[in-house]
Structures are given as C-alpha cells and as structure tokens.
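S.K.: sequence? don't have it. structure:
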C-alpha cells in the first residue's frame, strides 16, 4: 500500500509518499517538480488494484476486480485541504447519523450524550485505525467482507463498523457480533432489525473462544477483558483473518506469573513494587502478543489509538496477514524473552505453542 499527500514542511511544500511493506512503513518527502513527478509516474506504472483520490471537492475510488473490471465510486467531500504535517482529524461518521440515536450514543436531536462522549471517541478512533488496512481485504475478495466483533457487548463498535464500511467505504459486508450475554444478543438483534440491517448482520451468544462462527476476514476486539483478548487473537489466527484489530483491556494472566517468581538478573526493580509490576506486565503481555502475531504471518503495529483521557486502555494491536514465514531471529527473540521472565502467555497456550516450537 502506498499513500500520498501534500505536506508543508520547513523546507517548503513536499509530496509525502508513505509505502508499506510486510514489516514497516517507509516515508519520503519529494520536492514538487521533477522529483514528485517521478514518484507519481512510478506508482502509475505499478499494477495496484485499488486507487483512492481525495480532493477538496470529492472522492473518487477505482477498484479493479479479479476479472479485470474497473469499478468507480464517487462521493462528495466537504473538507478543506490540509497541508500541516500533523493533521487535524475529520469525523469519520456524522454524530447526527440516525444509528447513533438508535444504539443509545446520541440524543433524539443528534447530539452525542455527555456520558457517551468517551465511548463515541473510542469507537471512531478504532475505525480510523481500521481504515488504512481495509485495502488488504477489499482487493482480495470477490464476495462480501466477513467482519466479526468478538466481545461486542452493546455493539456500539459493531453498528458503527457496519455503517462506516457500507456507506462510507461502499463495501459489501456480512457482520457478526459475539457476546456471552443473552441480553446483549437480544438487544443488539432488535436494534439491527430496527435499523433495517438484520439481513447483513447478526449476533451470536457464546464465548469468544467457542461461539459458533465459521470464519472472518476482519476481526475486531475492543477491550475484551484479560485473556479474552488472547482468545480473540487465537481465533483470528486460526481463521487466517486478513486484518485483526484488538485493543486489550486488563492483563492479569502475566501479572500472576510474574508474582510467582523472581525477576531475572538485574531487573528486580521493575517488579518490586506492585504498580510498576502491573504496568510492566501490561507491556510484556502486549509485546508477546505482537510477537506471536508476527510469528503467525502478520505484519503488526502497536499504536495508541485514542488519547488517554478517553480511556487508559488505549493501546491497539493492528495486524495484517501477509503469510510471511517467521525469521529465525524473531523465533529466537520470542523464546529468549519468555524463558528469561519465566512466562508462558495465554495466547501461546491457546495455540499450543512453546518457546521451542518450530511450527508457526
């Protein structure tokens, strides 16, 4: 994937080109003129299957199907050109959209309820994190995108994802929300019917680990508690989901393991005090989750998806399946880290992996 946009730097206006490979993003800023023209010409000569052009007057998206057919979608865009290097973020979804009122986020006059401001922001920023990796799914499928929200609760994210993908990205979607509570399934099923979306989304009662869902292209998990995040990641890996977005909640499993043994070498100071041990366990848990995803054939980013004033649990694991085999270096790093701290993460146990595993 490659993204281009104009930016205003101290050295003057530049064309910023960000290219994503299986491992990381590569950014360069081309000076306007021959250098920028060459950068664009190189991309035009590359057989991309999806092109999206945004201007101050509208958006044009061109998608080439597997049959070689070109599909063009145009939409209006009321936005001023933004040249700042750090851009202000426009709204992905209109707060006055009717579905926000139906699901309980907004008032009848289309205003986000004060008590739901944080949840509204979390959902919107979660979707913003999904947007750049959608092409990894849309370009590979000749059928509706299967999206599964594991641990959906009141399904604010589920409904918002459906609205965003179908209306704003013009993607055919089949969406499933999973939650262990029957009342959540009944409530969400009724709301889907009220919105007229029941034909394309359904809700399943069951645990993240065992709910009867056959597979997914995109897996979402927003604040699944403790090892429920690991269960969501394990299902996504087994399904070979193309895109995985998970925002973990609490991290008790590794915390318990750290309490049971002394820290290695000179690192006792990291775990001597309870609050520091807890925070270190959070970092260690998510680092191991990211490593297992990479070992399982995913390109992984660990990012802050929303400011901490909206939720202290603001770390997001964003993974795109590439199928790349794990490197010997990564296998060794993972094995060394788990052995040094004497921990076996829940995700590894769910996938029946050990530090000595050779089958990833």
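M.R.: Yep, that arrived. Bear in mind that the values here come from a model prediction, so they are computed numbers and not experimental data.
S.K.: distance of the residue most central in space within the chain from residue 163?
M.R.: The chain has residue 245 as the residue nearest its centroid, 2.9 Å off, counting by CA atoms, centre = their mean. With distances taken as CB to CB, to the nearest Å, residue 245 is found 17 Å from residue 163. C-beta: built from backbone N, CA, C; applies to glycine.
S.K.: returning to that earlier point: dihedrals phi and psi, the residue nearest to the centre of the chain?
M.R.: phi -130, psi 120 (degrees, to the nearest 10).
S.K.: so it sits right up against residue 221, yeah?
M.R.: Yes - using CB atoms under 8 Å as the test, residue 245 is close enough to residue 221 to be in contact (7.3 Å).
S.K.: which residues in this structure form strands?
M.R.: Remark: strands assigned in the chain by DSSP state E are 2-9, 12-20, 25-31, 50-54, 58-64, 70-76, 145-150, 173-179, 201-205, 218-222, 243-247, 298-304, 315-321.
S.K.: can I get those strands in CSV including mean pLDDT and distance to residue 259?
M.R.: As requested, those are exported to CSV (pLDDT from 0 to 100; distance: least, CB to CB, whole Å):
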stretch, mean pLDDT, distance to residue 259
strand 2-9, 84, 44
strand 12-20, 84, 39
strand 25-31, 83, 38
strand 50-54, 81, 49
strand 58-64, 81, 52
strand 70-76, 79, 54
strand 145-150, 93, 28
strand 173-179, 94, 31
strand 201-205, 94, 34
strand 218-222, 92, 26
strand 243-247, 92, 25
strand 298-304, 89, 25
strand 315-321, 91, 22
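S.K.: mind putting those strands into JSON lines with distance to residue 347?
M.R.: Below are those laid out as JSON lines (distance: least, CB to CB, whole Å):
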{"stretch": "strand 2-9", "distance to residue 347": "31"}
{"stretch": "strand 12-20", "distance to residue 347": "25"}
{"stretch": "strand 25-31", "distance to residue 347": "25"}
{"stretch": "strand 50-54", "distance to residue 347": "31"}
{"stretch": "strand 58-64", "distance to residue 347": "34"}
{"stretch": "strand 70-76", "distance to residue 347": "38"}
{"stretch": "strand 145-150", "distance to residue 347": "14"}
{"stretch": "strand 173-179", "distance to residue 347": "18"}
{"stretch": "strand 201-205", "distance to residue 347": "22"}
{"stretch": "strand 218-222", "distance to residue 347": "12"}
{"stretch": "strand 243-247", "distance to residue 347": "10"}
{"stretch": "strand 298-304", "distance to residue 347": "12"}
{"stretch": "strand 315-321", "distance to residue 347": "11"}
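S.K.: so which of those strands is nearest residue 187?
M.R.: strand 201-205 (8.6 Å; CB to CB).
S.K.: relative to strand 173-179, how tilted is the closest one?
M.R.: Here strand 201-205 runs at an angle of 20 degrees relative to strand 173-179 (axes from the mean of the first three to the mean of the last three CA atoms, to 10 degrees).
S.K.: what helices or strands is strand 201-205 leaning on?
M.R.: helix 156-163, strand 173-179, helix 182-195 (3 or more CB pairs under 8 Å, 6 or more residues apart in numbering; DSSP states H and E).
S.K.: a markdown table for the ones you listed, including mean neighbour count and distance to residue 212?
M.R.: Output for the helices and strands packed on strand 201-205, formatted as a markdown table (neighbours: other CB atoms under 10 Å; distance: least, CB to CB, whole Å):
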| stretch | mean neighbour count | distance to residue 212 |
| --- | --- | --- |
| helix 156-163 | 25 | 17 |
| strand 173-179 | 24 | 9 |
| helix 182-195 | 16 | 12 |
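S.K.: what about the residue nearest to residue 297 when sequence neighbours are not counted, neighbour count?
M.R.: Leaving aside its sequence neighbours, residue 297 sits nearest to residue 323 (CB to CB, 6 or more residues apart in numbering; 4.8 Å). Using other CB atoms under 10 Å, residue 323 is surrounded by 9 other residues.
S.K.: roughly how far apart are residue 323 and residue 136?
M.R.: Distance from residue 323 to residue 136, by CB to CB: 12 Å.
S.K.: repeat for residue 315
M.R.: 21 Å.
S.K.: again with residue 232
M.R.: For residue 232, the distance to residue 136 - CB to CB - is 19 Å.
S.K.: neighbour count for the two, which is higher?
M.R.: Per other CB under 10 Å, whichever of residue 232 and residue 136 has more neighbours is residue 232, with 27 against 19.
S.K.: which of the strands of the chain sits closest to residue 281?
M.R.: Closest among those, using CB to CB: strand 315-321, at 13.0 Å.
S.K.: partner strands of the closest one and their direction?
M.R.: Strand 315-321 has its sheet partners listed here by DSSP bridges as strand 243-247 (antiparallel), strand 298-304 (antiparallel).
S.K.: deepest-packed of those strands, please.
M.R.: Mean neighbours per residue, mean count of other CB atoms under 10 Å, is largest over the strands paired with strand 315-321 for strand 243-247, with a mean of 25.
S.K.: got the angle between that one and strand 145-150?
M.R.: 20 degrees.
S.K.: report the angle between strand 243-247 and strand 218-222.
M.R.: 0 degrees.
S.K.: now for residue 263: which residues touch it?
M.R.: 270-271, 341 (CB atoms under 8 Å, 6 or more residues apart in numbering).
S.K.: ok, of those, which one's closest to residue 91?
M.R.: Among the contacts of residue 263, and counting by CB to CB, the member closest to residue 91 is residue 270, at 40.9 Å.
S.K.: residues contacting the residue nearest to that closest one when sequence neighbours are not counted?
M.R.: Nearest non-adjacent residue to residue 270, counting by CB to CB, 6+ apart: residue 280, 5.1 Å away. With contact set as CB under 8 Å, 6+ apart, residue 280 has these partners: 258, 270-271.
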